[in-house]
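Asker: just coords:
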Ligand SMILES: [Cu+2]
């Protein structure tokens, strides 16, 4: 049959066409709230006994908070072990049981 072969490219093009919208949708997928993003901060006070940390922080997008100095709880007391006043840090804060809590923390590389 003479027409069979020329039809194949057309069929292939139609199949590729159905893939189009799928790949566009994939492009629109964005990470959800920036809860895992690290924010900049500077340690102002370390309270090991209370498990609290005073941080002068930049904007916290996930908490909708402007830059300020405030007290956070820390998820793990060990997070305070290597910190001292004046340290520059990168951290993630989340609201845990109604309390602003540092859930991730690392020292910023100078
Ligand atoms: Cu704040």
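Answerer: Received the coordinates, thanks. Computed from a predicted model, the values in this text were never measured in an experiment. Numbers count the residues shown, from 1 in each chain.

Asker: next, the contact list for residue 75, please.
Answerer: By CB atoms under 8 Å, 6 or more residues apart in numbering, residue 75 lies in contact with 96, 101-104. Quick note: C-beta positions are derived from backbone N, CA and C, even for glycine.

Asker: may I ask which of the residues you listed has the most neighbours?
Answerer: Within the contacts of residue 75, neighbour counts (other CB atoms under 10 Å) peak at residue 102, which reaches 25 neighbours.

Asker: for the helix or strand harbouring that residue, packing partners?
Answerer: Using DSSP states H and E, residue 102 maps to strand 99-107. For strand 99-107, the packing partners by 3 or more CB pairs under 8 Å, 6 or more residues apart in numbering; DSSP states H and E come out as strand 68-74, strand 88-96.

Asker: possible to save those as CSV with distance to residue 42 and mean pLDDT?
Answerer: Output for these, formatted as CSV (distance: least, CB to CB, whole Å; pLDDT from 0 to 100):
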stretch, distance to residue 42, mean pLDDT
strand 68-74, 9, 98
strand 88-96, 6, 96
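
Asker: residue 39: which of the ones you listed is closest?
Answerer: strand 88-96 (6.0 Å; CB to CB).

Asker: other SSEs contacting that closest one?
Answerer: Helices and strands touching strand 88-96, by 3+ CB pairs under 8 Å, 6+ apart, are strand 39-47, strand 52-57, strand 99-107.

Asker: and the ion, which of these is closest to it?
Answerer: With CB to the ion as the criterion, the ion lies closest to strand 52-57 of the helices and strands packed on strand 88-96, at 5.7 Å.
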